[in-house]
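Q: sequence and predicted structure, then a few things I'm wondering about:
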Amino acid sequence: MEELLAAPLPGRIALLALLCALAISAVTDLRRRRILNAVTYPAFLISALSVAWLGGLALLGAAALGVLACAGPLLPAAFCGWVGAGDVKLMAVAGLVTGAMGGWQLSLSILLWVAVAGGVQSALWLLVAKLRGRAVPRTVPYGLAIAAGTLWGLLAGGSLF
């Protein structure tokens, strides 16, 4: 965590934009089942400008690979209606920042942690529905899993790959 706080100013700005987007999106997804463009677009733009400021086109290229690693696998799922477009855009922000921080390998690790968090969240939602005697939920607000998995991956540090 100390490494994150000791990062240069543009890196801290990008990280702050990501953390704000994660926090707001987790809440709006839980409350309204929406991840807002008004959150993801500015966070992506602020992060991209900060990454470019920090390392120019070379670092922006690494960040773009992070976007592909995090958001790319969710695109087919979004086209099938399994995840929302907001989920894909929030993962793109996570991929942009983590790709700049640690390359596509860190972004791929974040994707894995998000998937694990999503599985845990889904299992808990099913358990709670069963305990309450309610119908099985058809959807789960994945913004919470994106926030939890991304935070866990950042705090765990390092790449799994």
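A: Cool, the structure landed.
Q: buried set for the one helix or strand Leu30 maps to?
A: For Leu30, the host element (DSSP states H and E) is helix 9-32. For helix 9-32, a neighbour-count test (16 or more other CB atoms under 10 Å) marks 10-11, 13-15, 17-19, 21-22, 24-26, 28-29 as buried. Bear in mind the C-beta positions are built from the backbone N, C-alpha and C, glycine included.
Q: one more: stretch 39-56?
A: Residues 39-40, 43-44, 46-48, 50-55 are the ones in stretch 39-56 that count as buried (16+ other CB under 10 Å).
Q: include distance to Leu106 when you put these into a markdown table, please.
A: Below are the buried residues of stretch 39-56 laid out as a markdown table (distance: CB to CB, whole Å):
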| residue | distance to Leu106 |
| --- | --- |
| Val39 | 22 |
| Thr40 | 20 |
| Ala43 | 18 |
| Phe44 | 18 |
| Ile46 | 20 |
| Ser47 | 14 |
| Ala48 | 17 |
| Ser50 | 17 |
| Val51 | 14 |
| Ala52 | 19 |
| Trp53 | 20 |
| Leu54 | 16 |
| Gly55 | 15 |
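Q: the residues you listed into JSON lines, with extra columns for distance to Thr139, pLDDT and secondary structure?
A: Listed next are those as JSON lines, based on distance: CB to CB, whole Å; pLDDT from 0 to 100; DSSP: H, G, I helix; E, B strand; the rest coil:
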{"residue": "Val39", "distance to Thr139": "20", "pLDDT": "97", "secondary structure": "helix"}
{"residue": "Thr40", "distance to Thr139": "19", "pLDDT": "98", "secondary structure": "helix"}
{"residue": "Ala43", "distance to Thr139": "23", "pLDDT": "98", "secondary structure": "helix"}
{"residue": "Phe44", "distance to Thr139": "24", "pLDDT": "98", "secondary structure": "helix"}
{"residue": "Ile46", "distance to Thr139": "29", "pLDDT": "97", "secondary structure": "helix"}
{"residue": "Ser47", "distance to Thr139": "28", "pLDDT": "97", "secondary structure": "helix"}
{"residue": "Ala48", "distance to Thr139": "30", "pLDDT": "97", "secondary structure": "helix"}
{"residue": "Ser50", "distance to Thr139": "33", "pLDDT": "96", "secondary structure": "helix"}
{"residue": "Val51", "distance to Thr139": "33", "pLDDT": "95", "secondary structure": "helix"}
{"residue": "Ala52", "distance to Thr139": "36", "pLDDT": "95", "secondary structure": "helix"}
{"residue": "Trp53", "distance to Thr139": "38", "pLDDT": "95", "secondary structure": "helix"}
{"residue": "Leu54", "distance to Thr139": "37", "pLDDT": "92", "secondary structure": "helix"}
{"residue": "Gly55", "distance to Thr139": "38", "pLDDT": "90", "secondary structure": "helix"}
